[in-house]
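Novice: Fold the following, please.
(2 chains)
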There are 2 protein chains.
Amino acid sequence: MKHHSIIELIERKRDNGTLLPDELQWIISEYTADHIPDYQMSSLLMAIFIRGFNAEELGPWTEAMLQSGEVLDLSNIASAKIDKHSTGGVGDKISIPLAPMVAACGVAVPMMSGRGLGHTGGTLDKLESIPGFRTRLDKKEFVEIVERLGLVLGGQSETMAPADKRIYALRDGTGTVPSLPLIASSIMSKKLAEGINGLVLDVKTGSGAFMKNAAEATVLAETMVGIGASHGTKVVATLTGMDQPLGVEVGNANEIAESLDVLAGGGPADVVELTYSLGADMLVLGGIDTDRQSALARLKKAVDTGAAMEKFQEVIVAQDGNPAVAEDRSLLAMAPLRYELVAPTEGYVAKCDALDIGNAGVRLGAGRSRKEDEVDPGVSISIHAKLGDKVDKGQPLATIAYSDEARLEAAKPLLSRAWSIGDSVDKPELVISRID
Amino acid sequence: MKHHSIIELIERKRDNGTLLPDELQWIISEYTADHIPDYQMSSLLMAIFIRGFNAEELGPWTEAMLQSGEVLDLSNIASAKIDKHSTGGVGDKISIPLAPMVAACGVAVPMMSGRGLGHTGGTLDKLESIPGFRTRLDKKEFVEIVERLGLVLGGQSETMAPADKRIYALRDGTGTVPSLPLIASSIMSKKLAEGINGLVLDVKTGSGAFMKNAAEATVLAETMVGIGASHGTKVVATLTGMDQPLGVEVGNANEIAESLDVLAGGGPADVVELTYSLGADMLVLGGIDTDRQSALARLKKAVDTGAAMEKFQEVIVAQDGNPAVAEDRSLLAMAPLRYELVAPTEGYVAKCDALDIGNAGVRLGAGRSRKEDEVDPGVSISIHAKLGDKVDKGQPLATIAYSDEARLEAAKPLLSRAWSIGDSVDKPELVISRID
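Specialist: The predicted structure is shown next:
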């Protein structure tokens, strides 16, 4: 690779210039090889934060990050390999019913998920509340399971996109996290390293989302779709609301229960709607169906025949979990104490704030405020009244299962301000738009 | 000191906000104490580079840097203590005749100078071409000499403004050098740590200056005058042209010779003009004279009576140099070989480029391209034709004294393009404006 001067490249980005593909690749490769020190990289990241990336810079930057480590070889799988990624929300357990439903319809799903941090939950934490379930899989095992079952539910491998891991940690310490191009390239470098043929993105917007407003979320979605295109991978994004939690369960074991409800043909309407909608995108991307209507019918059939639940049980077995949870919910953890939050007055639910409820979950022990925290799988917030619902005075808004009084006391102020009761409001649209 | 979150402060500057005085002080003090790592500081410096400093930020930032180390205590000196600083140019030996002239008139001059880097020469390098002359003085010795003689010519102490030293080194490696507020605060923190009552600035503009255009140089000068005011120290700045070298000698030993000419009452008109002009500012700032006219007369008298030369010889003796150079120029080094650059055609000198001549000096060995290089004190460029001078074809433009043929060959392309001969041009004004 041609040698460049890192200082000249920093100066060019600082002065609003454009970095060329081989320069971007050189930066990532030299940083990963410890030839560019953190203090130079952080200066460049701040310049990128303020000046942005031009369209022609983002693809090569993402490509270089994804090429910084291993790329999964799933060429032994004949069917299409499609993954789904959500930008994170509260009560967002969609991946858990979605992946087995889609896999049951013949698309391979090599899913790599993350842990919860801050107010947003993490799919790995939820899965680990299934007794015995193991998400830490080495590359060989990960590939072996998806080759055999068409489905695997693991964590991010240490050897994939290591440049992203290091750059993310540096951004975290240097005030350069909320940069749209840096977020987009971080997500896409990890996902594209999975060796997938297509990706379905759930981009959240609203109080409980990373992107608070829909315009910004739309740009993020478009940016990620564009990166996919420049890599030659089909990406479809759906913009969805995250002002209130998804579904009625917020926690870990209780979100598994809600996911099992969906796989059994039940579950709350919003979770069902979004699971099927994203599933249809995955089947169309994977070439199983040519239109969303037939894909939706196929997904319903996979649920009705029990094929989707069976696929979930197969992957639970493959990952050392107890598949009996499907029939026996008492195998899932449940915290011993109960607290009921009630409506202070009669009216309509005008606010059911995802951010406050997510943060209350963290204070109760269902989430993490620091990476090294442990989660308590049995802590749960079960929601009884969502946006637009009519409630009487004293009617329960939520039931909290908890295991520590002090933690409940810490969570109470957030819980009580999370809801407000007012005049009749329209129920919000869950799916705001689709970008492909 | 109240604790702050460095990430929050980086984010605020990144988003164009204002940092408060105690926050700026905390940043400098924590960075100097190694509690803030380089990668956070470089991210902040890039944000400062792009967003700039507001007027209310620059004073506290400079103050914190100057308070990061020792501040000289010159309170034993009854007279005013005034220093001079130049932003750097080619052939700029002004400090050398200026300091003894002013000291001979009763103002104490605790002068701390720098070394040459790149195309600009350094006063310390020039002084060290006086046989035996020692510029590395410890604080005690520095203070003792200026207390005794009213004059000392030393280098920057390691213990003064250490934050500036570290931040400068970090900027050098992170593409954040040419930032006006960072340059201004760097210069002023070091100068104000000298414990002076007043400062005279020579801000250069033109091809051989750091600031290529006069508008930018004016803002830099105003910024530094403002920092002085916020610190309570009187600062007067003069904006001077640096499109062509100052005087006729560029090098080290030969610049000492030219300086001795000025002290002896001779020397080139431009060097004489600027030396007296800055000297008058120093005498007025020091309260010796109330107007520049009487100050100019006093400086002339100090030269005519030999008092200025005598003061220079005293300081040479105090700093272990041989004072006989004043009478015997053969004590100064002179490279053995000669090369004469001649006019290719008849006409008027339309260009005598300071940058090219400065860089030719570096290639010949008179300057440094890297900090660790040694300078060859006997290498010199003696200029025979400057802007607006009429020359005949074949008439010498410059004589080069050199010691290495390969180095001369490397310098030749710069030397021949440095001059151009054209139609009659006006001689440029040396002093462009004064800011106080």
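Novice: so where is chain A shaky, pLDDT-wise?
Specialist: Applying pLDDT under 70 to chain A flags residues A:1.
Novice: Near chain B, which residues of it are found?
Specialist: Residues of chain A lying close to chain B by C-beta under 8 Å from any C-beta of the partner chain are A:7-8, A:10-11, A:14, A:37-47, A:49-51, A:170, A:173-176. Just so you know, the C-beta spots here come from the backbone N, C-alpha and C atoms, and that holds for glycine as well.
Novice: ok, of these, which come out buried?
Specialist: Among the residues of chain A next to chain B, those buried by neighbour count (16 or more other C-beta atoms under 10 Å in any protein chain shown) are A:7, A:10-11, A:14, A:38-47, A:49-51, A:170, A:173-176.
Novice: Please list the members of those that lie in helices.
Specialist: In helices, judged by DSSP state H, the following of those are found: A:7, A:10-11, A:14, A:38-47, A:49-51, A:170.
Novice: Beta-bridge partners for the most centrally placed residue in chain A, please?
Specialist: In chain A, the residue lying closest to the centroid (C-alpha atoms, centre = their mean) is A:S86, at 3.3 Å. Going by DSSP bridges, A:S86 is paired in beta bridges with A:D202.
Novice: and the residue of the stretch 301-436 of chain A nearest chain B?
Specialist: A:R370 (14.6 Å; C-beta to the nearest C-beta).
Novice: what number of residues lie near the residue nearest to A:L66 when sequence neighbours are not counted?
Specialist: Closest residue in space to A:L66, ignoring its immediate chain neighbours: A:S189 at 4.2 Å, by C-beta to C-beta, 6 or more residues apart in numbering or on different chains. Neighbour count for A:S189, taken as other C-beta atoms under 10 Å in any protein chain shown: 27.
Novice: A:S189: what's it in contact with?
Specialist: By C-beta atoms under 8 Å, 6 or more residues apart in numbering or on different chains, the residues touching A:S189 are A:62-63, A:65-66, A:68, A:161, A:163-164.
Novice: Is it located within a helix, as I assumed?
Specialist: Yes - under DSSP: H, G, I helix; E, B strand; the rest coil, A:S189 falls within a helix.
Novice: quick one: it and chain B, what's the gap?
Specialist: Distance of A:S189 to chain B, given as C-beta to the nearest C-beta, to the nearest Å: 21 Å.
Novice: Ok, A:K139 next?
Specialist: Distance from A:K139 to chain B, by C-beta to the nearest C-beta: 31 Å.
Novice: how many other residues sit next to that residue?
Specialist: 15.
Novice: Please work out how many residues are found near the residue lying closest to it once chain neighbours are set aside.
Specialist: With sequence-adjacent residues excluded and distances taken as C-beta to C-beta, 6+ apart, A:K139 is closest to A:S157, at 5.7 Å. As a burial measure, A:S157 scores 20 neighbours (other C-beta under 10 Å).
Novice: A:S157 touches A:E70, doesn't it?
Specialist: Yes - at 7.1 Å, A:S157 counts as touching A:E70 under the criterion of C-beta atoms under 8 Å.
Novice: Please enumerate the shared neighbours of those two.
Specialist: With C-beta under 8 Å, 6+ apart as the test, A:S157 and A:E70 both reach A:K139.
Novice: Put the alpha carbons of stretch A:63-71 into PDB.
Specialist: Extracted in PDB, the C-alpha atoms of stretch A:63-71 (Å, rounded to 0.1, in the frame of the first residue of the first chain):
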ATOM      1  CA  GLU A  63     -15.100  -1.100   3.400                       C
ATOM      2  CA  ALA A  64     -11.700  -0.600   5.100                       C
ATOM      3  CA  MET A  65     -13.200  -1.200   8.500                       C
ATOM      4  CA  LEU A  66     -14.900  -4.400   7.400                       C
ATOM      5  CA  GLN A  67     -11.800  -5.600   5.700                       C
ATOM      6  CA  SER A  68      -9.800  -4.900   8.900                       C
ATOM      7  CA  GLY A  69     -10.700  -8.300  10.200                       C
ATOM      8  CA  GLU A  70     -12.200 -11.600   9.300                       C
ATOM      9  CA  VAL A  71     -15.200 -11.700   6.900                       C
END
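Novice: Which parts of the stretch 201-350 of chain A are strands?
Specialist: For the stretch 201-350 of chain A, applying DSSP state E, counting those that start in this stretch gives strands covering A:234-241, A:249-251, A:337-342, A:347-352.
Novice: most packed of those?
Specialist: Ranked by mean neighbour count, the strands of the stretch 201-350 of chain A are led by strand A:249-251 with a mean of 30 (mean count of other C-beta atoms under 10 Å in any protein chain shown).
Novice: Check the offset of that strand from the chain's centre.
Specialist: Relative to the centre of its chain, strand A:249-251 is centred 15 Å away, using C-alpha atoms, centre = their mean, to the nearest Å.
Novice: same question, stretch A:180-189
Specialist: 14 Å.
Novice: Which helix or strand contains the residue nearest to A:V262 when sequence neighbours are not counted?
Specialist: Spatial nearest neighbour of A:V262, excluding adjacent residues (C-beta to C-beta, 6+ apart): A:P97 at 3.9 Å. Element membership of A:P97 [criterion: DSSP states H and E] is helix A:95-104.
Novice: Next secondary structure after that helix?
Specialist: Next element after helix A:95-104 (DSSP H and E): strand A:109-113.
Novice: Strand partners (parallel or antiparallel) of that following strand?
Specialist: strand A:151-155 (parallel).
Novice: how about the CA coordinates for the strand it pairs with, as CSV?
Specialist: Output of strand A:151-155 as CSV, limited to C-alpha atoms (Å, rounded to 0.1, in the frame of the first residue of the first chain):
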residue,chain,number,x,y,z
LEU,A,151,-30.2,-19.9,12.0
VAL,A,152,-27.8,-18.9,14.7
LEU,A,153,-28.1,-16.2,17.4
GLY,A,154,-24.6,-15.1,18.5
GLY,A,155,-22.6,-12.1,19.6
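Novice: Can you pull the domain assignment for chain A?
Specialist: Structurally, chain A divides into domains by automatic domain parsing as follows: A:6-52, A:82-326, A:334-422.
Novice: B:P336: which of these is closest?
Specialist: Comparing the domains of chain A against B:P336 with C-beta to C-beta, the closest turns out to be domain A:6-52 (38.1 Å).
Novice: first vs last residue of the closest one, how far apart are they?
Specialist: 18 Å (C-alpha to C-alpha, to the nearest Å).
Novice: same check, this time on stretch A:144-159
Specialist: Stretch A:144-159 end-to-end distance (C-alpha to C-alpha) = 17 Å.
Novice: What of stretch A:337-349?
Specialist: 26 Å.
Novice: Stretch A:115-129 too?
Specialist: From start residue to end residue, stretch A:115-129 stretches across 13 Å - C-alpha to C-alpha.
Novice: What residues of that stretch count as buried?
Specialist: The neighbour-count check on stretch A:115-129 (16+ other C-beta under 10 Å) flags A:115-117, A:119-129 as buried.
Novice: Take the residues you listed and lay them out in a markdown table including secondary structure.
Specialist: A markdown table is the format used below for the buried residues of stretch A:115-129 (three-state DSSP):
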| residue | secondary structure |
| --- | --- |
| A:R115 | coil |
| A:G116 | coil |
| A:L117 | strand |
| A:H119 | coil |
| A:T120 | strand |
| A:G121 | coil |
| A:G122 | coil |
| A:T123 | helix |
| A:L124 | helix |
| A:D125 | helix |
| A:K126 | helix |
| A:L127 | helix |
| A:E128 | coil |
| A:S129 | coil |
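Novice: out of those residues, which one sits closest to chain B?
Specialist: Distances from chain B to the buried residues of stretch A:115-129, taken by C-beta to the nearest C-beta, are shortest for A:L117, at 15.7 Å.
Novice: The closest one reaches A:E372, doesn't it?
Specialist: No - between A:L117 and A:E372 there is no contact under C-beta under 8 Å: 10.9 Å.
Novice: Run through the bridge partners of A:T399.
Specialist: A:E340, A:S382.
Novice: wait, isn't A:G321 in contact with A:I130?
Specialist: Yes - here A:G321 reaches A:I130: they are 4.3 Å apart, a contact under C-beta under 8 Å.
Novice: the more surrounded of these two?
Specialist: A:I130 (30 against 23).
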